[in-house]
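**Q** Provided below for reference: sequence and predicted model.
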There are 2 protein chains.
Amino acid sequence: MVANEAKAELAAGKLAEYEQLSKIYDDIVKQTRPHLTVEGQGKILLALTDEDHQSQRQLATHLGMSPQSTSEFVAKLAKRNLVTLSKSTKDRRVNLVSLTDAGRQEITSAAQEVPPFLQALSEAEQDQLAALLTKITNAMYADIDAANPTLGVKFHKLFAAHYLKRFKK
Amino acid sequence: MVANEAKAELAAGKLAEYEQLSKIYDDIVKQTRPHLTVEGQGKILLALTDEDHQSQRQLATHLGMSPQSTSEFVAKLAKRNLVTLSKSTKDRRVNLVSLTDAGRQEITSAAQEVPPFLQALSEAEQDQLAALLTKITNAMYADIDAANPTLGVKFHKLFAAHYLKRFKK
DNA sequence: AAAATATCATAAGGGCCCCTGATTAATATG
DNA sequence: CATATTAATCAGGGGCCCTTATGATATTTT
């Protein structure tokens, strides 16, 4: 095995280790805190952050999931009081999904959450890490876009809008 | 908000972005490839990597899960031909769980998998990333150990043994 | 007005991870 | 030998994500 392959493997292993470890970390160390995912209910919240008051149809097509799944997740979010449903006045078939204050709060607090272990890095190192990860995620976005433009572009926009919001203004 | 908080938040956001993005990446870009997790079946495989031929009882206590769950995951792994079950000769109640060649293969191939997006980094950057992640995971291990010594230590050993194996020899 | 279409909800199912409770089979203990 | 105790399994459940099939309601099209 050549040297640079070994470096890449080490980095890959560390990334995998971090990913898996963060699950244990969340389970054991931290109190239950809002945690956004790109699946299920989290996906819906993210999409609503991008654009509020969407119909379930819109959500389903934007997110590439079946309307039935969308319905299920929206119902769960409504039960958690993170979104509200309201019938459209123009078309009484459609159910507009809107974020509640609690829903917005859920998103922003998840975004502002800084896990304690990041304090192990100096400011300079945090900068380095962010820069490296940006390179990686950009490469991932490129690959995703190459494989499936619509979905990839959509998520790119969602994430960018979400995580970089406060740095733009 | 002070400057260093902003840096930490950016780094945290990038980490979260990477984590979520890697799910999409796996779904969309890559062919289904072996992927180890610290949950369910993956947990069992990892434990067997640490020490093969364990009884389900041992696995359950080592991994901190119920014997029933252990039984379920072992059965699934057996169905996938990644482990074999054999009754102990000394105590015919116990079912020794052993990795098959396919099981071992599953683990090593998952460990050697280098995702394409890592090629976006130079060798020096891969080194940097590995170093930063090592600091982070060490901090996580410390926190986990503080909260729950046995589990944390156990996983630490598992991961270390697993991901660093080839660099030790 | 009738037919086609669109939106949404419900039901059923499958996969994953996990649990508690009860049962069978084997071993250890009194 | 009778009675725990132990290993493992079965049964049932809960939560998550996600699917297809089906039906109800509302709107558009003809």
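**A** Yep, it's here.
**Q** could you check whether stretch A:128-148 is close to chain B?
**A** Yes: counting by C-beta under 8 Å from any C-beta of the partner chain, chain B is contacted by stretch A:128-148 at A:128-130, A:132-141, A:143-144, A:146-148. (Each C-beta comes from the backbone N, C-alpha and C, glycine too.)
**Q** CA atoms of that stretch as CSV?
**A** The C-alpha coordinates for stretch A:128-148 follow below in CSV (Å, rounded to 0.1, in the frame of the first residue of the first chain):
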residue,chain,number,x,y,z
GLN,A,128,-9.0,24.5,9.8
LEU,A,129,-11.6,21.9,10.4
ALA,A,130,-14.3,24.1,8.9
ALA,A,131,-12.2,24.7,5.9
LEU,A,132,-11.4,21.0,5.4
LEU,A,133,-15.0,20.0,5.8
THR,A,134,-16.1,22.6,3.4
LYS,A,135,-13.8,21.1,0.8
ILE,A,136,-15.3,17.7,1.5
THR,A,137,-18.9,18.7,1.5
ASN,A,138,-18.4,20.6,-1.7
ALA,A,139,-17.0,17.5,-3.3
MET,A,140,-19.9,15.6,-2.0
TYR,A,141,-22.4,18.1,-3.4
ALA,A,142,-20.7,17.8,-6.7
ASP,A,143,-21.0,14.0,-6.7
ILE,A,144,-24.6,14.2,-5.6
ASP,A,145,-25.4,16.7,-8.2
ALA,A,146,-23.8,14.5,-10.9
ALA,A,147,-25.9,11.6,-9.8
ASN,A,148,-29.2,13.3,-9.2
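**Q** on that earlier part again, separate out the buried members of the residues of stretch A:128-148 next to chain B.
**A** Among those, those classed as buried by 16 or more other C-beta atoms under 10 Å in any protein chain shown are A:128-130, A:132-133, A:135-137, A:139-141, A:143-144, A:148.
**Q** Let me know the closest of these to residue A:91.
**A** residue A:148 (30.0 Å; C-beta to C-beta).
**Q** And for the residue of chain A at minimum distance from DNA strand D, nearest residue in space, chain neighbours not counted?
**A** DNA strand D sits closest to residue A:40 of chain A, with a gap of 2.4 Å, by C-beta to the nearest atom of the strand. Leaving aside its sequence neighbours, residue A:40 sits nearest to residue A:73 (C-beta to C-beta, 6 or more residues apart in numbering or on different chains; 5.3 Å).
**Q** next one: residue A:55
**A** In this structure, residue A:55 finds its nearest non-sequential neighbour in residue A:94, 4.3 Å apart by C-beta to C-beta, 6+ apart.
**Q** Please tell me I have it right and that neighbour contacts residue A:59.
**A** No: Residue A:94 is not in contact with residue A:59 according to C-beta atoms under 8 Å; the separation is 11.0 Å.
**Q** Comparing these two, which residue is more hemmed in?
**A** Taking other C-beta atoms under 10 Å in any protein chain shown, residue A:94 and residue A:59 do not tie; residue A:59 has more neighbours (22 against 16).
**Q** which residues touch the more buried one?
**A** Shown in contact with residue A:59 (C-beta atoms under 8 Å, 6 or more residues apart in numbering or on different chains): A:44, A:47-48, A:70, A:74, A:97.
**Q** Among these, which ones lie close to DNA strand C?
**A** Restricting those to those touching DNA strand C (C-beta under 7 Å from any atom of the strand) yields residue A:74.
**Q** Check which residues of the helix or strand harbouring residue A:106 are buried.
**A** Assigned by DSSP states H and E, residue A:106 belongs to helix A:101-112. By neighbour count with 16+ other C-beta under 10 Å, helix A:101-112 contains the buried residues A:103, A:106-107, A:110-111.
**Q** Shouldn't residue A:86 be within a strand?
**A** Yes: assessed by DSSP: H, G, I helix; E, B strand; the rest coil, residue A:86 belongs to a strand.
**Q** what's around the nearest residue to it once chain neighbours are set aside, how many residues?
**A** Nearest non-adjacent residue to residue A:86, counting by C-beta to C-beta, 6+ apart: residue A:96, 5.0 Å away. A total of 18 residues lie near residue A:96 under the criterion other C-beta under 10 Å.
**Q** Strands along chain A, start to end?
**A** Counting by DSSP state E, chain A has strands at residues A:54-55, A:83-87, A:95-99.
**Q** what's the closest of the ones you listed to residue A:64?
**A** Closest approach to residue A:64 among the strands of chain A is made by strand A:54-55 (14.1 Å; C-beta to C-beta).
**Q** which helices and strands sit right next to the closest one?
**A** strand A:95-99 (3 or more C-beta pairs under 8 Å, 6 or more residues apart in numbering or on different chains; DSSP states H and E).
**Q** which parts of the strand it packs on are buried?
**A** Buried positions in strand A:95-99, judged by neighbour count with 16+ other C-beta under 10 Å: A:95-97, A:99.
**Q** Can you see whether it contacts DNA strand D, counting any residue in it?
**A** No: on the criterion C-beta under 7 Å from any atom of the strand, strand A:95-99 is out of touch with DNA strand D, staying 10.9 Å away.
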